[in-house]
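[1] Got a predicted model here, sequence first, then my questions.
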Amino acid sequence: MADGNEIIAPISSAETWQRAGFWHRLIAAVIDGFTVALPLQILVVILFLVTNGHVQGSAGFTTTRCVAVSVVPPPGFNSTRECRTSFLGFDTAHTLVLDSVSQDGTVNTSSSTKYTLGPDGRPNDAFIIDGFYWVLSLTYLIILEYRFGQTLGKYIVSIRTIDVDVPERVGIPLKKAVFRQLAMLVVMMLPLLPALLSMLFISLTMTPIIVSLLLMLAWYLWIIISIVERRDPIYDQLAGTAVITNQILTIETTAPK
C-alpha cells in the first residue's frame, strides 16, 4: 500500500481502468467483515467474563439459544424467555426476553423487550457493545480507503477504490471516503423504510414487512446487476468513486492523419 498523498504515473489516453467484478467485491467484503468482527467478538468474550456480565454483545459468529421460563409474565406480555448468546461455547450475552403478541381482527402484532442478566441469571445493568461493530467497521473502511484506496480485503483480491476525478491518485479524498460509506449504508437500508415507518408510527405488521422484502430483493438485484455488468453501483456514482482491478486495459487508438 502506498501513502495517501502519492500520485502514481498518469493514465495515458490509450489506457483505462477495468471495474471490479461482483465476486472480487464480495470476497473483499467478507474478508473485511472478519477482520473487524472476529477480534471484537473475542474481546466481548473476555469482557463478559472479567466484568461478570456487565459488558455484553455480539459482533457476529455467535449462536443464541432461548428457553421458555415458567413464570407469569408482567401485565402486557404473553411469554418469557431466557436467552444465552455464545461464541465457541463462551457466553457473550445473557438476556431475559418478554414477548407481547396481540391480535386485532386478522392482524397479529408482536413486540419484545429485553433485560440483561449476569452469568448467574440475576438482572444487571449491562453495557451493550453491539453498536461498536458498526462504528469500528465504518472507521476501518473510511481510513483505509482514504489512505490507500484499499482495505485488507481489497488488497488480497487486488482491487481498489479510486476517485474518478483523479484516478491516478492512491487513496481517495476523505470527504469522498466518508460520503461513500454513508451513501452505501443509506442505499442498503432504503428498502427497509416501509417496515421502519410502520414500526415507528403504527405497528409492525406483515404488510410493510412483505413490501420491504420485495423492495429489498429488487433493489439489491439492481445493484448486483450493475456490478456484474462492470458499471458503478448507485452509491459509487453518488460519491464520485469506482472500484477497479489493478489491471489496466490498453485501448487501440488510431493516430490522426
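    Sure thing, it's come through. These numbers come from a predicted model, not from an experiment. Residues are numbered from 1 along each chain as shown.

[2] okay, CA-based contacts and neighbour counts for the rest of this
    OK.

[3] Which stretches in the stretch 151-257 of the chain count as helices?
    For the stretch 151-257 of the chain, the helices defined by DSSP state H, counting those that start in this stretch occupy 152-156, 174-189, 193-201, 206-228, 234-239.

[4] possible to save those as a markdown table with mean pLDDT, mean neighbour count and distance to P74?
    Formatted as a markdown table, those follow (pLDDT from 0 to 100; neighbours: other Cα atoms under 10 Å; distance: least, Cα to Cα, whole Å):
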| stretch | mean pLDDT | mean neighbour count | distance to P74 |
| --- | --- | --- | --- |
| helix 152-156 | 96 | 18 | 48 |
| helix 174-189 | 91 | 17 | 34 |
| helix 193-201 | 65 | 15 | 23 |
| helix 206-228 | 83 | 15 | 26 |
| helix 234-239 | 93 | 18 | 46 |
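
[5] With distance to T116 added, can I get those in CSV?
    Below are the helices of the stretch 151-257 of the chain laid out as CSV (distance: least, Cα to Cα, whole Å):
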stretch, distance to T116
helix 152-156, 35
helix 174-189, 28
helix 193-201, 23
helix 206-228, 28
helix 234-239, 38
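
[6] Sheet partners, orientation included, of whichever strand or helix holds A93?
    Assigned by DSSP states H and E, A93 belongs to strand 90-104. Counting by DSSP bridges, the strands paired with strand 90-104 are strand 79-87 (antiparallel), strand 107-116 (antiparallel).

[7] average pLDDT for it?
    Strand 90-104 carries an average pLDDT of 85.

[8] That strand: how far from the chain's middle?
    What separates the centre of strand 90-104 from the centre of its chain is 24 Å, taken as Cα atoms, centre = their mean, to the nearest Å.

[9] Kindly report the same for stretch 18-32.
    Between the mean C-alpha location of stretch 18-32 and the chain-wide mean there is a distance of 15 Å, by Cα atoms, centre = their mean.

[10] I'd like the numbering to begin with 192 instead of 1 from here.
    Sure, I'll start counting at 192 from here, so that last one is stretch 209-223.

[11] Residues contacting that stretch, please?
    Residues outside stretch 209-223 that contact it (Cα atoms under 8 Å, 6 or more residues apart in numbering): 342-345, 347-348, 350, 415, 418-423, 433-436, 438-440.

[12] could you dump it to CSV, C-alpha only?
    Extracted C-alpha coordinates of stretch 209-223, given in CSV (Å, rounded to 0.1, in the frame of the first residue of the first chain):
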residue,chain,number,x,y,z
GLN,A,209,-11.4,-2.1,-15.5
ARG,A,210,-14.2,-2.1,-13.0
ALA,A,211,-14.0,-4.9,-10.3
GLY,A,212,-16.5,-7.7,-10.7
PHE,A,213,-19.1,-9.0,-8.3
TRP,A,214,-17.1,-11.9,-6.8
HIS,A,215,-14.0,-9.8,-6.1
ARG,A,216,-16.1,-7.2,-4.3
LEU,A,217,-18.0,-9.9,-2.3
ILE,A,218,-14.9,-11.8,-1.2
ALA,A,219,-13.2,-8.5,-0.2
ALA,A,220,-16.3,-7.5,1.9
VAL,A,221,-16.3,-10.9,3.6
ILE,A,222,-12.6,-10.6,4.5
ASP,A,223,-13.2,-7.1,5.8
